[in-house]
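**Student:** Quick one, structure for this:
(one chain, ligands or ions: 2)
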Amino acid sequence: MLLDCDTGVDDALALILALRSPELDVLGVTTVSGNCHVDLATRNTLLVLEQLRLPQPPPVARGCDRPLHLPLQTATDVHGRDGLGGITALTGADGRRRYPEPALTPTGATGPEPMVDLARAHGQSLTLLCTGPLTNLATALALDRRAMAGVERVVFMGGAIRVPGNVTPVAEFNIAVDPHAAQAVLDSGLPLVMVPLDVTTRTVLTEAALQAAAARRFGWLSRLVLDLTAGYMAFHREAVGVAGALMHDPLTVGELLAPSLTHKTPLSVGVECEGALTRGMTVADLRSRPTGRRPAPNVEVAMEVEAPRFLDLFLERATG
Ligand code: BDR
Ligand code: CA
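**Tutor:** Residues are numbered from 1 along each chain as shown. Ligands and ions are numbered 1, 2, ... in the order given. The predicted structure is shown next:
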């Protein structure tokens, strides 16, 4: 698989889950502007990979730096100014940074090319997992549609079908940042699985559950996950009224590990790219008796989730 992310606290949790899951072969990671600028997202990705102490970390390539047509909108209120919930400011007893700048560096290739190269090389055996705005994938499609059409499937976190948005009353962040890219992906004809707020907002890692798991299995990994989630949980407690961390991006990894965790419905979904009040809204045809011809489904949408089963899986892999 290729992980495409705007690292971000929950992207970092998704990276941890993916890289601690022996079933998954992470061939590469591409980054994109979203939660923070792509340069910071790249640094954050490398920092997390370095902390994971992998014998052979996957290559990380810096992707697109801005949405297709809109100015970049970031989410420092949710993820902190460093994009990692403030962990880069933590120091140990010796006064040194607990999470120093990574020694790992990104590959030379940038933009959409690394994604296209992997698609050319691995075709049907490559799954794309996108946890940020879909700019890299839309740009890769424009560059080499035929290579991208050969991938096995795309699983992406984004959208809100029957629930409110999280950046506007109707728009979810990843789609709102680059609605034109999301529309291009939905129009692509690729096999798509959407993991929207409908299921991710029901997948809440509580502080109590994390503390209990970390107490049972304490070690550097538990420490990292506790540090990463502290500020993110505080944001959800104060601004959203949720007692824990919403596991948006890690749930997409769960979708690869155990597809039975969610119940998926084939839907026809489009993105509102213009509306003054509705830009970034994912509009699904939910009519039971449409007048005129019903558009064919273009995406499998996760509409139900077994959240406790996913959270157990996450805690088993991401603590210790
Ligand atoms: C999505 O927006 C980002 O802030 C998160 O990382 C996640 O991908 C949730 O709407
Ligand atoms: Ca993300």
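
**Student:** tell me the contacts of Pro112?
**Tutor:** With contact taken as Cβ atoms under 8 Å, 6 or more residues apart in numbering, Pro112 is in contact with 63-64, 136-137, 139-140, 142-143. C-beta coordinates here come from the backbone N, C-alpha and C atoms, glycine included.

**Student:** list the buried ones in stretch 113-120?
**Tutor:** Taking 16 or more other Cβ atoms under 10 Å as the basis for neighbour counts, the residues of stretch 113-120 that come out buried are 113-119.

**Student:** Using CSV, please lay out those residues together with distance to ligand 2 and pLDDT.
**Tutor:** Conversion of the buried residues of stretch 113-120 to CSV gives the following (distance: Cβ to the ion, whole Å; pLDDT from 0 to 100):
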residue, distance to ligand 2, pLDDT
Glu113, 22, 95
Pro114, 18, 95
Met115, 16, 97
Val116, 21, 97
Asp117, 23, 96
Leu118, 20, 97
Ala119, 21, 97
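
**Student:** Out of the contacts of Pro112, list just those in strands.
**Tutor:** Secondary structure assignment by DSSP state E places none of those in strands.

**Student:** Tell me which two of those sit farthest apart.
**Tutor:** Across these, no pair lies farther apart than Gly63 and Ala142, at 13.6 Å, counting by Cβ to Cβ.

**Student:** Of these two, which one has the most company?
**Tutor:** Between Gly63 and Ala142, counted using other Cβ atoms under 10 Å, the more crowded position is Gly63 (30 against 13).

**Student:** and that one, what is it in contact with?
**Tutor:** Taking Cβ under 8 Å, 6+ apart as the definition of contact, the neighbours of Gly63 are 4, 30-32, 38, 110-112, 114-115, 135-136.

**Student:** Also Ala75?
**Tutor:** 8, 34-36, 167, 173.

**Student:** One more: Thr203?
**Tutor:** Contact analysis of Thr203 by Cβ under 8 Å, 6+ apart lists 246-248, 251, 305, 307, 310-311.

**Student:** and what of Ala61?
**Tutor:** Ala61 makes contact with 28-31, 106-107, 109-110, 113-115, according to Cβ under 8 Å, 6+ apart.

**Student:** What residue in the stretch 201-320 of the chain comes nearest to ligand 1?
**Tutor:** The minimum distance from the stretch 201-320 of the chain to ligand 1, using Cβ to the nearest ligand atom, falls at His248 (4.0 Å).

**Student:** Read off the pLDDT value for that residue.
**Tutor:** In this prediction, His248 carries a pLDDT score of 98.

**Student:** got a list of what the closest residue in space to it that isn't next to it in sequence touches?
**Tutor:** Counting by Cβ to Cβ, 6 or more residues apart in numbering, His248 lies nearest to Thr200, which is 4.1 Å off, once chain neighbours are set aside. When contacts are counted by Cβ under 8 Å, 6+ apart, Thr200 touches 157, 246-248, 251.

**Student:** Keep only those of the residues you listed that are in helices.
**Tutor:** Of the contacts of Thr200, the ones assigned to helices by DSSP state H are 248, 251.

**Student:** By neighbours, which of the contacts of Thr200 wins?
**Tutor:** Ranked by neighbours (other Cβ under 10 Å), the contacts of Thr200 are led by Met157, which has 31 neighbours.

**Student:** I figured that residue hits Val195, correct?
**Tutor:** Yes - with contacts counted by Cβ atoms under 8 Å, Met157 reaches Val195, the gap being 4.9 Å.

**Student:** Quick check: neighbours shared by these two?
**Tutor:** Shared contacts of Met157 and Val195, counting by Cβ under 8 Å, 6+ apart, come down to 248, 251-252.

**Student:** Report the separation between the residue nearest to the spatial centre of the chain and ligand 1.
**Tutor:** Against the mean C-alpha coordinate of the chain, by Cα atoms, centre = their mean, the closest residue is Thr131 at 1.9 Å. Separation of Thr131 from ligand 1 (Cβ to the nearest ligand atom, to the nearest Å): 5 Å.

**Student:** residues in contact with that residue?
**Tutor:** Residues touching Thr131, when contacts are defined by Cβ under 8 Å, 6+ apart, comprise 3-6, 8, 10-11, 14, 156-157, 174, 248-249, 252.

**Student:** burial count for the residue lying closest to Pro57 once chain neighbours are set aside?
**Tutor:** Setting aside the residues directly before and after it, Pro57 is nearest to Leu49 in space (Cβ to Cβ, 6+ apart), at 4.5 Å. Using other Cβ under 10 Å, Leu49 has 23 neighbouring residues.
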